[in-house]
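Undergrad: based on what follows, work out the 3D shape:
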Amino acid sequence: MSQKFACSIKRIRFDEHYAPANNTRLTTNFANLARGESRQENLRRTLAMINNRFNSLATVDNPKGDRYSLEIDIISAEIDIEGNGETFPFIETLKSTVIDHQTGERIEGMIGNSFSSYVRDYDFSVVLPTLGYKTDEKPEDFGDLHGKLYLHLINSAVFKAEFKKQPVICLSVSTTKTYYRTANTHPVLGAEYTNNDDSRTDEYFKKMGLSVRYFKPKHANAPLAFYCAGDLLRDYTDFELISAIATMESFQRIYRPEIYNTNSPAGVIYQPSLSYGDYSLTRIVYDRVERGQLAVKQGKWTEENFIKPYKDILDEWAANFQVTAAQKDAA
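TA: Numbering: from 1, shown residues only. Take a look at the predicted model:
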């Protein structure tokens, strides 16, 4: 019999032939693109955007801007709550590998990038609306269970056997906050921005052990939010950072063109807005309204298939959960 709360990991290649697995959240960046009549063209164009953006930042000994490409795997983590072999799809992230076409070398890219979670859908699309919370309001224990499940995964032997570093999650900046450019500029990440207070998402990710920094890379229109457990500037190679920028800025240009595909870049003081009108659309088909509707459906599905049936077990496990000193040292 399987162990209770045992984690398992599967890999699926994200390429032009990718088709979402049955238990993949359809609101996920990569899954949403791989649907409908335009699916293969969507995927092909998205991958071209990612590779072009990578080469625009990795310019050393790359005069034609075509030396590198990214090989991207979807990392699907599942969890067996009762130890009976039945698993629940918990988290999906992306792992990239840099292909150097000049030397044939395969170089480690970032683990993390996109972040997909059914429990997160439940928290944001079911819990908050049901309780009537407004923007940036939340219950005190909001995200507690999700944070502990995430920490359980990344400190598991299964995860550490697959990945040498902890994930860096890269998201869009919040439309409810104002960002201020600082004097700090990183050679890869670009100009650093800051804001005066945490968003609800920032606080949610803190419970996962992640803190946020905001950077606007060279040629970008807006800062990206990088959520990291360690030191973002010291723990990751240039190629890892560039792979995260190339992947997630491309997705954001598709999903948030009002922020990331504008015709003018963010200034010293920046207020993101989805009502901004001076932007360009990519040639990639995407239905943002449907994506929002799916988040609610998937949150309710999580409530019925995970939260309610396992409530007593989850409550007891969460009450006793702690990351051991040995796990922290190895992280």
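
Undergrad: what's the separation between the residue nearest the centre of the chain and Leu94?
TA: Nearest to the centroid of the C-alpha atoms of the chain, with distances taken as Cα atoms, centre = their mean, sits Ser114, at 2.3 Å. Separation of Ser114 from Leu94 (Cβ to Cβ, to the nearest Å): 5 Å. C-beta: built from backbone N, CA, C; applies to glycine.

Undergrad: so where's the stretch 151-300 of the chain shaky on pLDDT?
TA: Counting by pLDDT under 70, the stretch 151-300 of the chain has low-confidence residues at 285-292.

Undergrad: re earlier: helices and strands around whichever strand or helix holds the residue nearest to the centre of the chain, which ones?
TA: Ser114 belongs to strand 106-117 when assigned by DSSP states H and E. With contacts defined as 3 or more Cβ pairs under 8 Å, 6 or more residues apart in numbering; DSSP states H and E, the secondary structure elements packing on strand 106-117 are helix 29-33, strand 68-80, strand 88-100, strand 168-172, helix 238-255.

Undergrad: dump the C-alpha coordinates for the last one into PDB.
TA: To tie it back to what came earlier, the one meant is helix 238-255. What follows is helix 238-255, C-alpha atoms only, in PDB (Å, rounded to 0.1, in the frame of the first residue of the first chain):
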ATOM      1  CA  ASP A 238      21.900  33.600 -16.000                       C
ATOM      2  CA  PHE A 239      20.500  30.900 -18.300                       C
ATOM      3  CA  GLU A 240      18.000  29.900 -15.600                       C
ATOM      4  CA  LEU A 241      16.900  33.400 -15.200                       C
ATOM      5  CA  ILE A 242      16.700  34.100 -18.900                       C
ATOM      6  CA  SER A 243      14.700  30.900 -19.400                       C
ATOM      7  CA  ALA A 244      12.100  32.100 -16.800                       C
ATOM      8  CA  ILE A 245      11.900  35.500 -18.400                       C
ATOM      9  CA  ALA A 246      11.500  34.100 -22.000                       C
ATOM     10  CA  THR A 247       8.900  31.600 -21.000                       C
ATOM     11  CA  MET A 248       6.700  33.700 -18.700                       C
ATOM     12  CA  GLU A 249       6.900  37.000 -20.500                       C
ATOM     13  CA  SER A 250       5.800  35.200 -23.700                       C
ATOM     14  CA  PHE A 251       2.800  33.800 -21.800                       C
ATOM     15  CA  GLN A 252       2.000  37.100 -20.300                       C
ATOM     16  CA  ARG A 253       2.100  38.900 -23.700                       C
ATOM     17  CA  ILE A 254      -0.600  36.500 -24.800                       C
ATOM     18  CA  TYR A 255      -2.800  36.600 -21.600                       C
END
